Each structure stands twice: as structure tokens, then as C-alpha cells.
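My questions are about this predicted structure, shown below with the sequence.
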Amino acid sequence: MKTLKKTLLLAVAMIAGVVGWAQTIEANFTQTRNIAASGKTIEKAGHMKLVYPDQLDMNYSKPDGEYFTIHGNEMSMNMDGKKNKVDTDKNKRTHTFAQTLLNCIKGDWEKAAADNNTDTAVKEEGDDKIVTLTAKKKAPRGYARIELTYSKATGMLNKMVLEEFGGVTNTYVMTNVTKN
């Protein structure tokens with residue numbers, strides 16, 4: 001009888017662990033894309049849903065019909081009238097990009113810092129925790145700087161600034177952030 005109880009307790013604990021990974025983060029977002037070379041600014045908006053551990057759907061309402069998704073090792077997008085699908089296991093740069101986005105949204109900025117070989121600065125400002133990841137050395141591609149603003153109360157990402165070496169900066173502001 002004791003063995004059966006132990007087996008049942010172990011099974012319940014294992015199921016609870018698996019269910020714990022079935023977390024979802026959802027938010028509305030705005031995206032502002034600044035292109036330094038042309039001085040052009042592009043405004044976008046939509047809804048984001050991240051399902052642990054590696055599924056991200058960003059569906060745009062402005063412009064309607066655009067999307068960006070990561071489902072495991074597959075990254076797909078329809079942006080600016082161009083569709084593309086990439087196997088991130090076959091492209092190291094794309095793999096790092098996908099993992100960086102997932103980790104920043106999940107709050108695992110330490111993993112994003114390690115993946116991108118960055119220096120890290122963390123400060124608290126009011127109700128926010130601001131994490132800045134700065135590249136240790138310049139590269140032809142990738143992020144020169146990533147700034148992440150998390151709510152101290154919830155730990156959820158409220159703002160993400162991705163500054164590329166090429167002079168393009170994408171700023172995402174999340175609203176109505178929920179985690180289930």
C-alpha cells in the first residue's frame with residue numbers, strides 16, 4: 001500500500017510539473033521601428049501570445065495580416081509583404097535571434113545575455129526593473145543593445161528595445177499583459 005501511495009504521489013508531482021510548463025503570456029503590443037539611415041519610422045500594433053517553452057505568435061492588426069511566429073525550431077513571418085520560413089536549427093544567427101526573443105519575453109534575460117555575449121546592467125526605477133544588455137564587441141549583425149523593462153510586481157515584460165548594429169531600433173510596448 002505504501003508503494004502505491006508513493007507511486008501516486010510521484011505521478012501527481014510529475015503531472016504538476018508538466019502542467020507548470022504549460023504557461024502562457026499574452027499581451028497587446030505596439031512596435032515602433034526606427035531606421036537611422038533613412039530617418040524613417042514605422043508604427044505597428046498587434047497581439048502577442050507566448051506558450052512555454054518555445055512558441056511565440058505575434059499577429060499584427062496594424063498592418064492587418066502581418067505575423068511573426070516561432071514554433072519550436074520553425075520561425076515564420078509575413079512582414080512588409082514578404083513571407084519567409086526558416087528552420088532555426090539550420091541557421092545559428094536565426095536560432096540566436098529566436099531564442100533571444102523568447103527568453104526576453106519569458107524574463108530569462110540572463111540566458112539572452114549569455115547567448116548574445118553581452119555586459120549586463122540592472123537597475124530599479126519606480127515600479128520597474130530595467131535590464132540593459134550591451135554587446136561586448138561590435139558585429140556585422142545582431143543586437144548592439146537590448147533594454148528590457150519588467151514590472152517589479154508581476155515580473156512581466158512591459159517594454160523591449162532591440163537596437164541592431166545596423167542602426168535599426170525596434171521598440172515594443174506591451175499592454176494588458178497576462179500570464180496563466
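Nice, I can see it.

C-alpha from now on. contacts and neighbour counts both.
Noted.

just the CA coordinates of the helix or strand that contains Phe29, formatted as PDB?
Element membership of Phe29 [criterion: DSSP states H and E] is strand 24-35. This file holds the C-alpha atoms of strand 24-35, laid out as PDB (Å, rounded to 0.1, in the frame of the first residue of the first chain):
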ATOM      1  CA  THR A  24       1.000  31.300 -21.400                       C
ATOM      2  CA  ILE A  25       1.900  35.000 -21.600                       C
ATOM      3  CA  GLU A  26      -0.400  37.300 -23.600                       C
ATOM      4  CA  ALA A  27      -0.300  41.000 -24.400                       C
ATOM      5  CA  ASN A  28      -1.300  43.700 -26.800                       C
ATOM      6  CA  PHE A  29       1.800  45.400 -28.200                       C
ATOM      7  CA  THR A  30       2.800  48.400 -30.300                       C
ATOM      8  CA  GLN A  31       6.000  48.300 -32.300                       C
ATOM      9  CA  THR A  32       8.000  51.400 -33.400                       C
ATOM     10  CA  ARG A  33      10.700  50.700 -35.900                       C
ATOM     11  CA  ASN A  34      13.300  53.500 -36.400                       C
ATOM     12  CA  ILE A  35      15.700  53.200 -39.300                       C
END
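
Find the centremost residue of this protein, please.
Leu101 (2.9 Å; C-alpha atoms, centre = their mean).

can you pull the pLDDT of it?
If you check Leu101, the pLDDT there is 96.

where does it land in three-state SS?
Classification of Leu101 by DSSP: H, G, I helix; E, B strand; the rest coil places it in helix.

gap between it and Asn180?
19 Å (C-alpha to C-alpha, to the nearest Å).

likewise Ala113?
Counting by C-alpha to C-alpha - Ala113 and Asn180 are separated by 26 Å.

Please identify which of those two sits among more neighbours.
Taking neighbours as other C-alpha atoms under 10 Å, Ala113 and Asn180 compare with Ala113 leading, 20 against 9.

Spatially, what comes nearest to that one if we skip its sequence neighbours?
Leu133 (6.2 Å; C-alpha to C-alpha, 6 or more residues apart in numbering).

Can you report how many residues lie near the one you found?
Neighbours of Leu133 using other C-alpha under 10 Å come to 24.

Identify all contacting residues around the helix or strand harbouring it.
Using DSSP H and E, Leu133 sits within strand 128-135. Strand 128-135 has contacts (C-alpha atoms under 8 Å, 6 or more residues apart in numbering) with 109, 113, 116-124, 143-152.

need the next SSE after that strand, C-terminal direction.
Strand 128-135 is succeeded, C-terminally, by strand 143-151 (DSSP H and E).
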